[in-house]
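# Fold the following.
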Amino acid sequence: MRLVLSVWALMLFAALPARAGAWTQEEGHGQVILQGSAVHSGSEFGPSSKLYDSRPYDKVEATLVFEYGASDWLTLIIAPQFLAVDLGAPAPTSYAGPGYTDAGARVRIYNENDVVVSAQVVGRLPGTGNSQSAAAVGYEDAELDLRLLAGWSFPLFGKAAFLDLEAAQRLRFGDPPDEFHLDLTLGVRVAERWQVLFQSFNVISEGAGEGPYFGTSYEYYKLQLGAAYDLSEAVTLGVALVSTVFARNAPQENGVVLTGFYRF
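Below is the predicted model of the structure:
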């Protein structure tokens, strides 16, 4: 149970990506992304991946992402987060306040024939402090995300489409174990202003961590289906549903993600 109380706190960035994928921003331009998610869990996958009832929780997150093109090949990133978590019986507890603040950069290393490859380094600083609440477990230690990204633009059944593939090494300092992340996004523009997004977010811990909450390895796999609508050339709104479809030693989450993009 203690492991699951920590793992649910890690399952944030499996939402509509608060980033531009492998593509960098143009020099002097950028975007602001406001992303909010609300998820619920009342069950978990055990060591054999069997699903059973567990301690319920509700989690709300809001992340404000700023991306700016320092040059055509270098994008600067900063993203503060607000977090609210409520854990149910047998020992109800909650946390509401700052989550992680991300800061880093994405560097484009290849851009030819509708294919772009980039590398990204993001440091993640926790804002929970010494909250002493089980609801803040998993948000209390610094992290470093080292990510390789590849994007491909192509026609699909006569529609403009893109594929974004990201592999990341998540270095976690403190008790939690390091993680391997693999994210996949397929976007298809089905109409002039409409785009649908099919996404897969996958996390595998690299062994177990330390302390009372991280003594067992874990993995989880999420699927997400969403749609985005362009209000104008500068503003896009998106909505998506997300669910944990398979896991080991991790909760089964279901939720909704709302995103707004402003490009400048």
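# Give me the residue ranges of the stretch 101-250 of the chain where confidence is low.
Along the stretch 101-250 of the chain, the model assigns pLDDT under 70 to no residue.
# try it again with 90
Residue ranges of the stretch 101-250 of the chain with pLDDT under 90: 128-140, 211-213.
# who touches residue 67 in this structure?
19-20, 25, 30-33, 75-77 (C-beta atoms under 8 Å, 6 or more residues apart in numbering). Any C-beta I mention is one placed from the backbone N, CA and C, and that applies to glycine too.
# Which residue ranges of this protein form strands?
Listed in chain order, the strands of the chain (DSSP state E) span 30-45, 51-71, 74-79, 81-87, 93-98, 100-112, 115-126, 143-156, 159-172, 179-189, 194-205, 219-230, 235-248, 250-263.
# Could you list every helix and strand in contact with the fourth one?
Judged by 3 or more C-beta pairs under 8 Å, 6 or more residues apart in numbering; DSSP states H and E, strand 81-87 is in contact with strand 51-71, strand 93-98, strand 100-112.
# Over to the first one?
The helices and strands touching strand 30-45, judged by 3+ C-beta pairs under 8 Å, 6+ apart, are strand 51-71, strand 235-248, strand 250-263.
# That one pairs with which strands, parallel or anti?
When pairing is defined by DSSP bridges, strand 30-45 lines up against strand 51-71 (antiparallel), strand 250-263 (antiparallel).
# which of these is buried the deepest?
The highest average neighbour count among the strands paired with strand 30-45, using mean count of other C-beta atoms under 10 Å, belongs to strand 250-263 at a mean of 20.
# what inclination does that strand have with respect to strand 194-205?
140 degrees (axes from the mean of the first three to the mean of the last three C-alpha atoms, to 10 degrees).
# that older thread, let me know which of the helices and strands packed on strand 81-87 is the nearest to residue 209.
strand 100-112 (17.5 Å; C-beta to C-beta).
# Can you give the contact residues for the closest one?
So strand 100-112 is contacted by 12, 19-20, 22-24, 65, 70, 72-81, 116-127, 139, 143, 145, 149 (C-beta under 8 Å, 6+ apart).
# could you redo the last one with a cut-off of 6 Å?
Residues external to strand 100-112 that are found in contact with it (C-beta atoms under 6 Å, 6 or more residues apart in numbering): 24, 73-81, 117-126.
# With stretch 22-41 instead?
Contacts of stretch 22-41 with the rest of the structure, by C-beta under 6 Å, 6+ apart, involve 15, 18, 57-69, 71-72, 75, 106, 108, 116, 118, 149-151, 164, 251-253, 255-263.
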